[in-house]
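Participant: sequence below, structure please.
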Amino acid sequence: MKRLLLASLLGSAIALATSANAAQTDLKALEEAARAEGEVNSVGMPDSWANWKDTWQDLEQKYGLKHIDTDMSSAQEIAKFAAEKDNATADIGDVGAAFGPIAVQQGVTQPYKPTTWEQIPEWAKDKDGHWMLAYTGSIAFIVNTQLVKDVPTSWAELKDGQYKVAIGDVSAAAQAVNGVLAAAIANGGDETNIQPGLDYFADIARQGRLSLSNPTIQTLERGEVEVGVVWDFNGLSYRDQIDPSRFEVVIPSDGSVISGYTTIINKWAKHPNAAKLAREYILSDAGQINLAKGNARPIRAEHLTLPAEVQAKLLPNEQYVKVKPIENADAWEATSKALPQQWQENVIIEME
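Facilitator: Below is the predicted model of the structure:
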């Protein structure tokens, strides 16, 4: 019996060692192929968003990969991949969770499972490796305290204010789409019933308080945005980069949504190995900590020990009491597709 057990254990050990060696060999081959390609070009992954800057710097220093990013929305990224095909100018992009399945359906992606695949929750990845969340965020308010004296801490307070509210492009940006969902959640809705969110912003529009400005670091710095609806990691990053004394970032106390972003690798990428290595690094410990430095919660957070100074930059946990995840992915995918037209019909019409 002991011999059988020993043989079984020895066989398992050999299998695990072989698997580990194969993974190391595959990763070494990937690194060599990526170095030969020499560059990786991205869309929707600018330096200021979730601290992509440090990851691009690391990839250049470690593997010699030059990098250029063109910032655009999730929908624009997918459309770009589809339009350019063999003339691809982008290798990898970063899209909101709802856009990952859409990109796969449109046939514009290629799969790659990083070596940390098993540590990514099942709900946060495509079974074939076409997409997997790298980080999560919750919808927050970023408030210019030089322009707004009474900082809103809830959607209810935001509705009663005298300032303009900027949510961005609901027809294309995942951040803006999730902003509508967060308002819906706070008013009794969810991913299957977005109407409370539409009604909320229709009321803001009727008051003449809906701003068409996009809440970016540039518009915030120029003072064009009084209150912006943004991901918490963006709000905190923008605040720290511009002037912490000018802005306050708040998770609305009456409800918000937690979602995330995934890399998608272009099916026609000119530098496919560099794109795969970029994803590999993004989901490594170092890449995940880089995202946390940008105030984004890493998807592998349970498997990481964040530096104390990074943990200290995040908002207090008590602000997240009413934050809810998307529970019905299929329903949210359908809602996301229908939302741009509903936004026009319910909200934008009220601005005229």
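Participant: where does pLDDT dip in the stretch 251-352 of the chain?
Facilitator: Across the stretch 251-352 of the chain, the ranges flagged by pLDDT under 70 are 352.
Participant: which stretches in it count as helices?
Facilitator: 272-282, 285-293, 308-311, 329-346 (DSSP state H, counting those that start in this stretch).
Participant: any idea how far the residue nearest to residue 125 when sequence neighbours are not counted is from residue 55?
Facilitator: Once flanking residues are discounted, residue 125 sits nearest to residue 132: 3.7 Å by C-beta to C-beta, 6 or more residues apart in numbering. Where you see a C-beta, it was placed from the backbone N, CA and C, and this is true even at glycine. Distance check for residue 132 against residue 55: by C-beta to C-beta, to the nearest Å, it reads 16 Å.
Participant: now residue 91
Facilitator: 14 Å.
Participant: equivalent analysis for residue 292, please.
Facilitator: Distance, residue 292 to residue 55, using C-beta to C-beta: 12 Å.
Participant: and residue 112, by the same measure?
Facilitator: The value you get for residue 112 to residue 55, if C-beta to C-beta is used, is 16 Å.
Participant: wait, what's in contact with the nearest residue to residue 66 once chain neighbours are set aside?
Facilitator: With sequence-adjacent residues excluded and distances taken as C-beta to C-beta, 6+ apart, residue 66 is closest to residue 39, at 4.1 Å. By C-beta atoms under 8 Å, 6 or more residues apart in numbering, the contact list for residue 39 reads 65-68, 271, 274.
Participant: for stretch 174-181, which outside residues touch it?
Facilitator: 73-74, 95-99, 139, 167-170, 189-191, 194, 197-198, 201, 229-231, 234, 257, 259, 261, 326, 332, 335-336, 339, 343.
Participant: now, which of the residues you listed lie within helices?
Facilitator: 74, 99, 197-198, 201, 234, 332, 335-336, 339, 343 (DSSP state H).
Participant: and those residues as JSON lines, adding distance to residue 51 and neighbour count?
Facilitator: Formatted as JSON lines, those follow (distance: C-beta to C-beta, whole Å; neighbours: other C-beta atoms under 10 Å):
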{"residue": "74", "distance to residue 51": "19", "neighbour count": "29"}
{"residue": "99", "distance to residue 51": "21", "neighbour count": "28"}
{"residue": "197", "distance to residue 51": "29", "neighbour count": "31"}
{"residue": "198", "distance to residue 51": "33", "neighbour count": "20"}
{"residue": "201", "distance to residue 51": "30", "neighbour count": "25"}
{"residue": "234", "distance to residue 51": "11", "neighbour count": "25"}
{"residue": "332", "distance to residue 51": "27", "neighbour count": "24"}
{"residue": "335", "distance to residue 51": "30", "neighbour count": "24"}
{"residue": "336", "distance to residue 51": "26", "neighbour count": "25"}
{"residue": "339", "distance to residue 51": "28", "neighbour count": "22"}
{"residue": "343", "distance to residue 51": "30", "neighbour count": "23"}
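Participant: which one of those residues is nearest residue 121?
Facilitator: Closest approach between the ones in helices among the contacts of stretch 174-181 and residue 121, by C-beta to C-beta: residue 332, at 16.5 Å.
Participant: surely the closest one meets residue 338?
Facilitator: No: Residue 332 is beyond contact range of residue 338, at 10.8 Å (criterion: C-beta atoms under 8 Å).
Participant: does residue 112 count as helix, strand or coil?
Facilitator: Three-state call for residue 112 (DSSP: H, G, I helix; E, B strand; the rest coil): coil.
Participant: count the residues that sit near the residue nearest to residue 125.
Facilitator: 25 (other C-beta atoms under 10 Å).
Participant: got the phi and psi for it?
Facilitator: When read as degrees, to the nearest 10, the backbone of residue 132 gives phi -160, psi 130.
Participant: before we move on, the earlier item: okay if I get the helices of the stretch 251-352 of the chain as a markdown table plus distance to residue 50?
Facilitator: Supplementary listing: the helices of the stretch 251-352 of the chain in a markdown table, determined by distance: least, C-beta to C-beta, whole Å:
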| stretch | distance to residue 50 |
| --- | --- |
| helix 272-282 | 10 |
| helix 285-293 | 5 |
| helix 308-311 | 13 |
| helix 329-346 | 21 |
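Participant: most tightly packed of those helices?
Facilitator: Across these, averaging neighbours per residue (mean count of other C-beta atoms under 10 Å) puts helix 272-282 on top, at a mean of 24.
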